[in-house]
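> Give me coordinates for this.
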Amino acid sequence: MKFTLGNRAIRDHQIDGKELHLFRKANSGLYEYLGQFLYQSYVIEDGFDFEHRPRKVIRFILKKV
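Reported below is the predicted structural model:
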């Protein structure tokens, strides 16, 4: 995994002066608002891609505001 695009935006949102708001996909294509969060840190873990192939993934640790 690399810190580009969305991953970089999550990690650097405070440095960039932006807020981080999270949503979760719910039923019927609707989204549930989870609230505003602050980036705390991250860990690299083993995971899978969309085709279920093994790969490294970034798991962000966030704190709810």
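
> going forward, measure contacts and count neighbours with C-alpha atoms only.
Fine.

> so what's the nearest residue to R11 once chain neighbours are set aside bridging to?
Nearest residue to R11 in three dimensions, chain neighbours excluded: Y39, at 6.1 Å (C-alpha to C-alpha, 6 or more residues apart in numbering). Note on Y39: beta-bridge partners by DSSP bridges are L62.

> Could you pull up the residues touching Y39?
Residues in contact with Y39 (C-alpha atoms under 8 Å, 6 or more residues apart in numbering) are I10, R11, D12, H13, Q14, F60, I61, L62, K63.

> What of V65?
G35, Q36, F37, L38.

> From G17, how far out is it?
Distance of V65 to G17, given as C-alpha to C-alpha, to the nearest Å: 15 Å.

> Please spell out the ChimeraX selection for the buried subset of the contacts of Y39.
Listed next is the ChimeraX selection for buried residues among these, using 16 or more other C-alpha atoms under 10 Å:
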select :10,11,12,62
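
> which one of the contacts of Y39 is nearest R53?
F60 (20.8 Å; C-alpha to C-alpha).

> secondary structure element for that closest one?
F60 belongs to strand 54-64 when elements are defined using DSSP states H and E.

> how distant is that strand from the center of its chain?
7 Å (C-alpha atoms, centre = their mean, to the nearest Å).

> And stretch 32-50, by the same measure?
4 Å.

> Let me see the mean pLDDT of it.
Averaging pLDDT along stretch 32-50 gives 96.

> So which bits of it are buried?
Of all the residues in stretch 32-50, those buried under the rule 16+ other C-alpha under 10 Å are F37, L38, Y39.

> quick one, strands of this protein?
Residue ranges of the strands in the chain, as given by DSSP state E, are 20-25, 31-48, 54-64.

> I'd like to know which of those strands is closest to F3.
F3 lies closest to strand 54-64 among these, at 9.1 Å (C-alpha to C-alpha).

> the inter-axis angle of that closest one versus strand 20-25?
Angle of strand 54-64 versus strand 20-25, following axes from the mean of the first three to the mean of the last three C-alpha atoms, to 10 degrees, is 120 degrees.

> other SSEs contacting strand 54-64?
For strand 54-64, the elements it packs on are strand 31-48, judged by 3 or more C-alpha pairs under 8 Å, 6 or more residues apart in numbering; DSSP states H and E.
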